[in-house]
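*Asks:* Everything below, folded, please.
(chains A and B)
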Amino acid sequence: MREFTLVVAILVATLRAATPLMLAGIGELVTERSGVLNLGVEGMMLMGASVGFIGTVTSGSVVIGLLMAMLAGAATALVFGVLTLSLMANQVACGLALTIFGTGFSALIGAHYLGMPLPGLALSLWPNLSTASPLLHQAMLVDPLVLVAVATPFLVYRFLHRTRAGLILRAVGESHDVAHALGYSVLRIRYLAVLFGGGMSGLAGAYLSLAYTPMWAENMVAGRGWIALGLVVFSTWKPFWLALGACLFGFVTIAQFQAEGLGLQVSPALLAMLPYLATIVVLVLISRDTVRLKLNAPAALGKPFHVTA
Amino acid sequence: MILSTRRALLGASLALPAAGLLGRAALAAEPYKVGFIYVAPIGDVGWTFQHDLGRKALEAALGDKVKTAYVENVPEEGADAERVIRKLATDGNRLIYTTSFGFMNPTEKVAKQFPKVKFAHCTGYKRLPNLATYSARFYEARYLAGIIAGRMTKSNIIGYVGSFPIPEVVQGINATLLAARSVNPNVQIKLVFASTWYDPGKERAAAEALISQGADIIMCHTDSPAIVQTGEEKGVWSMGYDSDESKYGSKSFLTAVTMDWNEYYIEQTKAAITGTWKSSDVWGGLKSGMVKLAPLNAAIADSVRQEVAAAQAKIEGGTLLPFAGPIKDQSGAVKVAAGKALTDAEILNLNWLVEGVQGSLG
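*Replies:* Next up, the predicted model:
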C-alpha cells in the first residue's frame, strides 16, 4: 500500500510538473506550425505569472486572474507579432528581446506583490479517498489546470488535423506563398496563431504563480519556457509527442528528488543536471535523422512573409 | 585703540582655527553614508528581507547621523556585483555591507582599490584591513529546531531540503539531527539538495518527494516559503528559514530559523562613525541575538517549549555545545570523541554528515 501510494504520488507530481511545459509547449507548437518562430516563451510565461498573480490578488477571483494572465501573454505576443509580421523584423532577435523584456517588465510590475501569500487551487481527483487513505488523498491532489493541460493535446490535434481551419494553418506554415496564392490571409492566420501561443504561455505562467507555488517571485519560471521551446522541436511538432516529452521532463525533475530521498548514492549536482541532459540527448537523437527533421518541420518556419503578388 | 585692535586681532586669530574646527564639525555632522548590496529583492521574505530590516533598524537608531543606500537584486556571478559595489564606493558611501557569500571576490577586489572605504562581507572568509566579515551561528538555532522536530514527528522521518552542500548548510543538517536524536533516538533525516537558494517550483518538488516518502516534518535551507505552502497543502509540519513564514501556512508552520542583523549593523556603523571600527570576524550565535527562532506554533506543547528554552539557556551559557562528542559520521566512524567538541575551524569546514542523515553531499 505504501509503495502504491508512492507510485501514485510520483505520477501526480509528474503531471503537475509537466503542466506548464504542456500548456506553453502547445501554444508554441501552434505558433510554429503557422510558420512563426517565437522564442519569447519564457518572457510571456513570466508576464502571465505576474499579471495572473496581481489580477487574483486585486480582484479576489482566480478565474479573473487566469483570464488576465492569458490576456497579458497574448498582449506580449502581440508586440512580437507586430514587429515580426507587420514590420518583418527578424523573428529570432525579436523573440529573444521579448524574453528579456518579459522578464524585466514582470519583475517591475510584480515588485509590490512579493511576499504575498495566496491559498492554492488544488482539488482532489477522487474526493472519496480521503476517508479510505489520507495519504492517497493527499497524493492525488491536482489543480484544475492540470486537467486542462491533459486535454489540450487532444483538442489541438483535433484542430490541426481534423478541421479545415487547422489545415489552412498548417498550409500557411508549410508554404505561405502558396497559401497566399490560394487567397488565404497569411498575416491574419499568423497573428491568430501568435496570440494563441501567447495566451497559452500566459496561462502556463499563471499556473506556476497561482497553483503550483501560489506566490510571485522574480524569475519564478526558472527556464521552463526554454524547455518548452526545446520540447516543441523534440516532439517534431506533433501534439501527442509534445505531451510525452512534457511528461518525461516532468518525471525527470521529480525523479531527481525521489531518487535522492530513497538513498541513491548519486551526486545531487549530477541529478540536477538530468532533466537538461535528457532534453539534449533526445534532441541529438532526433536531429541525427535530418530527413525526418526536414519532413516534419514546417517548411516556412521563421521565414518572414513578403507579399509578392 | 591699539589695545582693542590687538585684542581684536587676537580674537580674530583665535576665531579662525575655531571656525576651522567648527567647519570640520559641520562637515562631520553631514550624515555618514552607508551602502548595502543585496542578492535578491527585498520582498523575498527571506535572506534579503532580514538584512533590509537591519538597514531600517540602523536608520531608526541613528536617524540623521546616517544615510543609507541600497541596491537590490544584484546577481552574484558576472561583472554586475563588482560594478555595483564600486558605484556604492564612488557614490560616497563610507561603509558598505555586502550581504551574500557570492559577493566575496568582488568585495575583496573593490576593497583593495578603495582603502579608505570600509567593507563588511556576510558569510565570507576573506578579510583585509578595511574588509570585515560577519555571519551568524545558524546551527545553534537549528539545534533548537531539531529538538522541536524530534518531539513533533510521528513517522520519525524528517525531510530536509538543502540548497548546496556547503559547510553552512551541513552545519544545520548535523545540528538538527543531533538535537532531534537527543530527544528521540529513532529519528532520521532524509536529505535532498535543491541546488538553488531560491526556486519555489524546485523546492516544492523536493518537499513533495520527501513527503511522499514518509516525512512528516519538512525543513529547509532555502529562501522561499514554498516548503511551508507544500506542508500546509499536504497536512505535514514545516519549518522555514530566514523569516517568519507563518502566513504561508498557519497550521503547518512550526517555526523558522531566523536571523537578526539589527544590533550588528547599529554597533558596527556607530564604531565606524566614531572611528573605532576594526576589521573583525563576527560570528554571533543565540546569545548575541543574531539567530533566533520565529514564534512557535501554538500546537507545540508546553513541555517542548520548556525543553527548547532550557537548551537555549544552556547554549547561551556555553554549557551545551551543539557539536559535542561522541559523534559518528554516516559510515559509523567516530569523528568526535566523547568529552570533546568540534572547534570553530572544524565547524567552518564541516564537510561530512552525521549518522542518521540519509543523503549525500555529492
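*Asks:* Could you list the contact residues of the stretch 1-150 of chain B toward chain A?
*Replies:* Counting by Cβ under 8 Å from any Cβ of the partner chain, the stretch 1-150 of chain B comes close to chain A at B:Ala40, B:Pro41, B:Ile42, B:Gly43, B:Asp44, B:Val45, B:Phe49, B:Asn73. (C-beta placed from N, C-alpha, C; glycine too.)
*Asks:* roughly how far apart are the third one and A:Phe80?
*Replies:* Applying Cβ to Cβ, to the nearest Å, one obtains 32 Å for the distance of B:Ile42 from A:Phe80.
*Asks:* of those two, who's got more company?
*Replies:* Higher neighbour count among B:Ile42 and A:Phe80: A:Phe80, with 28 against 22, using other Cβ atoms under 10 Å in any protein chain shown.
*Asks:* Can you verify the more buried one is assigned to a strand?
*Replies:* No: going by DSSP: H, G, I helix; E, B strand; the rest coil, the assignment for A:Phe80 is helix, not a strand.
*Asks:* Look at it and report its pLDDT.
*Replies:* For A:Phe80, the model assigns a pLDDT of 97.
*Asks:* do the same with the one 5 residues further on
*Replies:* With respect to pLDDT, A:Leu85 scores 94.
*Asks:* That one is in contact with A:Leu195, isn't it?
*Replies:* No: the criterion here is Cβ atoms under 8 Å, and A:Leu85 misses it with A:Leu195 at 11.0 Å.
*Asks:* So A:Met220, which state does it fall into?
*Replies:* coil.
*Asks:* which residues sit in contact with it?
*Replies:* Under the criterion of Cβ atoms under 8 Å, 6 or more residues apart in numbering or on different chains, the neighbours of A:Met220 are A:Leu46, A:Ala49, A:Leu208, A:Ser209, A:Thr213, B:Asp199, B:Pro200, B:Gly201.
*Asks:* ok, it to B:Gln268 distance?
*Replies:* A:Met220 is 34 Å from B:Gln268, by Cβ to Cβ.
*Asks:* about what we covered before: so which of the residues of the stretch 1-150 of chain B next to chain A sits lowest on pLDDT?
*Replies:* B:Val45 (69).
*Asks:* Tell me if the host helix or strand of A:Phe53 is near chain B.
*Replies:* Following DSSP states H and E, one finds A:Phe53 within helix A:41-59. No: using Cβ under 8 Å from any Cβ, helix A:41-59 never reaches chain B; the gap is at least 10.7 Å.
*Asks:* OK, contacts around the closest residue to B:Leu286 other than its chain neighbours?
*Replies:* Once flanking residues are discounted, B:Leu286 sits nearest to B:Glu140: 4.7 Å by Cβ to Cβ, 6 or more residues apart in numbering or on different chains. B:Glu140 makes contact with B:Ala175, B:Gly285, B:Leu286, B:Val291, B:Ile315, B:Pro322, according to Cβ under 8 Å, 6+ apart.
*Asks:* ok, now which ones touch the last one?
*Replies:* What it means is B:Pro322. B:Tyr139, B:Glu140, B:Arg142, B:Tyr143, B:Ala175, B:Leu178, B:Ala179, B:Ile315.
*Asks:* gap between it and chain A?
*Replies:* 24 Å (Cβ to the nearest Cβ, to the nearest Å).
*Asks:* wait, is that residue part of a helix?
*Replies:* No: counting by three-state DSSP, B:Pro322 falls outside a helix, being coil.
*Asks:* so which strand or helix has the residue nearest to B:Leu286?
*Replies:* helix B:138-152.
*Asks:* After that helix, which helix or strand is next? Please name it.
*Replies:* Heading C-terminal from helix B:138-152 (DSSP H and E), you reach strand B:157-162.
*Asks:* What strands line up against that next one, and which way round?
*Replies:* Partners of strand B:157-162 in the sheet, by DSSP bridges, are strand B:188-193 (parallel), strand B:217-220 (parallel).
*Asks:* Need the single longest helix in chain A, by residues.
*Replies:* Secondary structure of chain A per DSSP state H: the longest helix is helix A:2-33.
*Asks:* Which residue does chain A have closest to chain B?
*Replies:* Each residue of chain A has a distance to chain B, by Cβ to the nearest Cβ, and the smallest belongs to A:Leu114, at 2.6 Å.
*Asks:* those helices in the stretch 151-300 of chain B, which residues are they?
*Replies:* Here the stretch 151-300 of chain B has its helices, by DSSP state H, counting those that start in this stretch, at B:167-183, B:200-212, B:226-234, B:262-274.
*Asks:* could you give the mean pLDDT of the third one?
*Replies:* Helix B:226-234 shows a mean pLDDT of 90.
*Asks:* Got phi/psi on B:Asn351?
*Replies:* When quoted as degrees, to the nearest 10, the phi and psi of B:Asn351 stand at phi -140, psi 30.
*Asks:* and it, how many neighbours does it have?
*Replies:* 10.
*Asks:* ok so, going back, select from the contacts of A:Met220 the one having the most neighbours.
*Replies:* A:Leu46 (36 neighbours).
*Asks:* ok, now which ones touch that one?
*Replies:* A:Gly102, A:Thr103, A:Ser106, A:Ala107, A:Gly205, A:Asn219, A:Met220, A:Val221, A:Gly225.
*Asks:* Check the secondary structure at B:Tyr70 for me.
*Replies:* strand.
*Asks:* correct me, but it touches B:Leu58?
*Replies:* No: the pair B:Tyr70 / B:Leu58 is not scored as a contact, 11.0 Å apart, by Cβ under 8 Å.
*Asks:* Domain parsing of chain B, as residue ranges.
*Replies:* B:28-136, B:139-258+B:294-358 (automatic domain parsing).
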